[in-house]
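1. Structure here, sequence nowhere to be found:
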């Protein structure tokens, strides 16, 4: 039986150096909780997991061990290059944020939570089938 996930009072489980996200709780909505967690084994189903300053292997390990319904956010160094961010996302992170602003980090966490609580979007028709290519448009314009 899967545990019930309460999406009305989100929790952010911080794994890693919590001093790098000081003030995060003040940037999140009042009902949210920020928990400084010693390891992934303490994370509960449905929590947003914030991994602070990991290497790519740690992201991969954390992603594999996360409980059901969790979202993985990774905070990388402020000067992290695009290749590092791509590697972190490929390793399983749902979002990767450069360090520097807890306001921006909080915004990403809220967006992650919002995406998992809204109903799924209806299927979209294949727009490519209905759009004319540039050559088709040109051919139609010339024949008019």
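-> Yep, it's here. All figures in this text were calculated on a predicted structure; none of them were measured in a lab. Residues are numbered from 1 along each chain as shown.
2. so which helix or strand takes in residue 49?
-> According to DSSP states H and E, residue 49 maps onto strand 48-52.
3. same question for the next helix or strand after that strand, mean pLDDT?
-> Sequence-wise, the next helix or strand downstream of strand 48-52 (DSSP H and E) is helix 56-65. Averaged over helix 56-65, pLDDT sits at 97.
4. Show residues contacting helix 56-65.
-> Outside helix 56-65, the residues that touch it by C-beta atoms under 8 Å, 6 or more residues apart in numbering are 15, 40-41, 49, 51, 54, 72, 74, 84, 87-88, 91-93. Heads up, the C-betas are built off the backbone N, CA and C, glycines and all.
5. how does it look with 10 Å?
-> Applying C-beta atoms under 10 Å, 6 or more residues apart in numbering, the set of residues contacting helix 56-65 from outside is 15-16, 39-41, 43, 49, 51, 54-55, 70, 72, 74, 76, 84, 86-94, 96.
6. And residue 76, how far from residue 15?
-> 14 Å (C-beta to C-beta, to the nearest Å).
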